[in-house]
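> Have a look; sequence and predicted model below, questions after that.
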Amino acid sequence: MRSPAAAKLSSLQTKISVGIVLFETEFLEQSLPSLFAQNYENVEFLFRDNSGGEVSKFLEERLPKVFRKAKISRGKNLFHSGGMNELIHNSRGEYFIAASGDMLYPPDLISRAVAILEKPENQKFGSLGVKLKKWNFANGEKTNVIDSCGIGISKSHRFFEIGGSKKDNVKFLQSREIFGASCALAIFRRKALNEIKIGREFFDEKLHFKNDTDIAYRLQLIGWKSLFVPEITAWHARGLSSGKPRSARSNFEKENSIFGQFVVVEKNFSEEFSWRVRFLTKLRLLAIRIFGLFFERAARNGFRKFEKIREKLEKSPRKVKIEEIERLMEIS
């Protein structure tokens, strides 16, 4: 039986949709029960099974409560962008949480996130990022090492996880505006997502890597800001490729990372940036090309793949002065 306080909380809630694209089962027995233990009741859980049915079978056998409560769609592998797009289209919430299956979630994640985004002074924020710390899955340890406090951007258009691999400290105890929320766990305002949609795509389905960077850039360019809040903490195992050192990544991962870098810059970069940003960005892209040309086939394949579609890429719509983007550069 729910307490009066819980009943009151539920009655005041805005509907939330949580979406996860699933391909592997390794972390699910620990991750999903924590997600489903939220103290926020007016929520729908949507999964996209990209595994060909193996994940669904695993959930039905090992996590039957999760299996019964979640809305699961199945089919061919749509990768992360395609899977997320399907989930967003099928969702009904005023907020959409892009979540992951390799995360431990606090029980008040949703209730806190909604309370923050509902504040009148926060209506300008289209996305919310939380503090992610590293989860050592092998021994079950919740570490005090930062996994991500959001997506950062440098003047050379290097995109990075803010605070990545640093010990949590006073620097990460204050709320602040950031470039974008890491889609390992990002809370989006549905209105903002609708405004950046191109055709049926929210996430760019050409991108298997840096798709969250692209969506962060497009939100910024039309005036939707992103907020980092330290009072919400989750623990991330980073079981997928984004957590690997470059030397351990497959050629597929390297190729699509390079490809994604070029696509994101081509779509969103502006010649209105200051001379320093223009110079550093073009110098960095040139260096990537030279590195690929002489040292690494995967990198070379990445930018060749980009060149084939370059002329067909549409520039992202812009409603803000480019200085607003440059102001966020180098926040780390």
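Looks like it arrived, so ask away.

> Mind checking what helix or strand follows the lowest-mean-pLDDT helix or strand in the chain in sequence?
Least confident helix or strand, the chain: helix 4-11 with a mean of 45, by mean pLDDT, DSSP states H and E. Helices and strands here follow DSSP states H and E; after helix 4-11, the next one along the chain is strand 16-22.

> Just the CA atoms of the helix or strand following that following strand, as PDB, please.
The helix or strand immediately downstream of strand 16-22 is helix 28-35, counting by DSSP H and E. Only the C-alpha atoms of helix 28-35 are listed here, as PDB (Å, rounded to 0.1, in the frame of the first residue of the first chain):
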ATOM      1  CA  LEU A  28      20.700  -6.300 -17.300                       C
ATOM      2  CA  GLU A  29      20.000  -8.400 -14.100                       C
ATOM      3  CA  GLN A  30      21.600  -5.600 -12.000                       C
ATOM      4  CA  SER A  31      20.700  -2.600 -14.100                       C
ATOM      5  CA  LEU A  32      17.000  -3.000 -15.000                       C
ATOM      6  CA  PRO A  33      15.700  -3.700 -11.500                       C
ATOM      7  CA  SER A  34      17.200  -0.500 -10.300                       C
ATOM      8  CA  LEU A  35      15.600   1.400 -13.100                       C
END
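
> same for helix 28-35, what does it pack against?
Taking 3 or more CB pairs under 8 Å, 6 or more residues apart in numbering; DSSP states H and E as contact, the helices and strands that helix 28-35 lies on are helix 54-62, strand 103-104. (Each C-beta comes from the backbone N, C-alpha and C, glycine too.)

> How is Arg48 assigned, secondary-structure-wise?
Following DSSP: H, G, I helix; E, B strand; the rest coil, Arg48 is assigned to strand.

> List the buried residues in the helix ranked longest in the chain.
Using DSSP state H, we find that the single longest helix of the chain is helix 275-295. With burial defined by 16 or more other CB atoms under 10 Å, the residues of helix 275-295 counted as buried are 277, 280-281, 284-285, 288-289, 292.

> which residues touch that helix?
Outside helix 275-295, the residues that touch it by CB atoms under 8 Å, 6 or more residues apart in numbering are 154-158, 258, 261-262, 265, 269, 271, 273, 298-303, 326, 329.

> The same query, at a cut-off of 6 Å, please.
Under the contact criterion CB atoms under 6 Å, 6 or more residues apart in numbering, helix 275-295 has outside partners 155-157, 299-300, 303.

> And the strands in the stretch 201-332 of the chain?
Secondary structure of the stretch 201-332 of the chain (DSSP state E, counting those that start in this stretch): strands at 225-236.

> Low-confidence regions, it specifically.
Where the stretch 201-332 of the chain drops to pLDDT under 70, the residues are 239-249, 331-332.

> Go again with 90.
Segments of the stretch 201-332 of the chain classed as low confidence (criterion: pLDDT under 90) are 238-254, 291-299, 330-332.

> any idea how far Leu117 is from Lys191?
Between Leu117 and Lys191 the computed distance is 11 Å (CB to CB, to the nearest Å).

> more neighbours, those two?
Leu117 (21 against 12; other CB atoms under 10 Å).

> and the more buried one, what is it in contact with?
Going by CB under 6 Å, 6+ apart, the list of residues near Leu117 reads Leu128.

> so what's the residue nearest the centre of the chain closest to, chain neighbours aside?
The structure's the chain has its C-alpha centroid closest to Cys183; by CA atoms, centre = their mean the separation is 1.0 Å. In space, and not counting its chain neighbours, Cys183 is closest to Asp212: 3.5 Å by CB to CB, 6 or more residues apart in numbering.

> So what's the residue count around that neighbour?
When counting by other CB under 10 Å, one arrives at 24 neighbours for Asp212.

> what do you get for Arg297?
Around Arg297 there are 12 other residues, counting by other CB under 10 Å.

> excluding its backbone neighbours, what's nearest it?
Sequence neighbours aside, Asn251 is the residue nearest to Arg297 in space, at 7.2 Å (criterion: CB to CB, 6+ apart).

> Over to Lys315?
Nearest one to Lys315, counting by CB to CB, 6+ apart, is Lys267 at 6.2 Å.

> Run a quick check on that neighbour versus Ser316, I expect a contact.
Yes. Assessed by CB atoms under 6 Å, Lys267 is found in contact with Ser316 at 5.2 Å.
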